[in-house]
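J.: pasting the structure only:
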């Protein structure tokens, strides 16, 4: 049953598991780690620090941290917190993969109180369908209804 009760999406939430933490505290994010990963990945190659900073400021962000407090993963959600959410920029640094951290991150995201009862979630992935399908994501049921304005080279400098 849907509810109209609004949860503050900016309230900091933190989860702990073993020596790891997931937090929605934007001030805790290591923007160098986020930029360093994104600028070299297939979906945001060449993205500038300024664009990454702006994306962080305008989203609900989730950082994963090790026991020293170093950031080792990230995800962000673009949402109106009422009807729709776009999940993007999900990653765990390579040296920390294989520990179930991406599954834990996804669990924290889909269970976040401000992201409940949304009508639609979307994401794009080239190779992580197995992860996202565990959380209810499926291929588009009506791809003919979707349109996009896609500029794949927007981050590249001329």
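T.: Nice, I can see it. The shown structure was predicted, so the numbers you read here are calculated from the model rather than taken from an experiment. Residues are numbered from 1 along each chain as shown.

J.: Next, the contact list for the spatially closest residue to residue 60 that is not a sequence neighbour, please.
T.: Taking CB to CB, 6 or more residues apart in numbering as the measure, residue 60 lies nearest to residue 77, with 4.5 Å between them; neighbours along the chain are not counted. Backbone N, C-alpha and C define where each C-beta goes, glycine included. By CB atoms under 8 Å, 6 or more residues apart in numbering, the contact set of residue 77 is 59, 60, 61, 62, 85, 86, 87, 88, 109, 112, 115.

J.: Residue 77 belongs to a strand?
T.: Yes - Residue 77 sits within a strand when classified using DSSP: H, G, I helix; E, B strand; the rest coil.

J.: my guess is residue 17 meets residue 105, correct?
T.: No - contact status for residue 17 versus residue 105: not in contact, 10.5 Å apart, counting by CB atoms under 8 Å.

J.: Between these two, tell me which one has more neighbours.
T.: More crowded of residue 17 and residue 105, by other CB atoms under 10 Å: residue 105, with 23 against 13.

J.: can I assume the more buried one is in contact with residue 91?
T.: No - with contact defined as CB under 8 Å, residue 105 does not count as touching residue 91 (9.4 Å).

J.: got any residues that touch both of those two?
T.: The contact lists of residue 105 and residue 91 share 73, 75, where a contact means CB under 8 Å, 6+ apart.

J.: re earlier: got CSV for the contacts of residue 77, with pLDDT and neighbour count too?
T.: Output for the contacts of residue 77, formatted as CSV (pLDDT from 0 to 100; neighbours: other CB atoms under 10 Å):
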residue, pLDDT, neighbour count
59, 97, 19
60, 98, 20
61, 98, 20
62, 98, 25
85, 98, 23
86, 98, 14
87, 98, 24
88, 97, 18
109, 98, 21
112, 97, 19
115, 97, 18
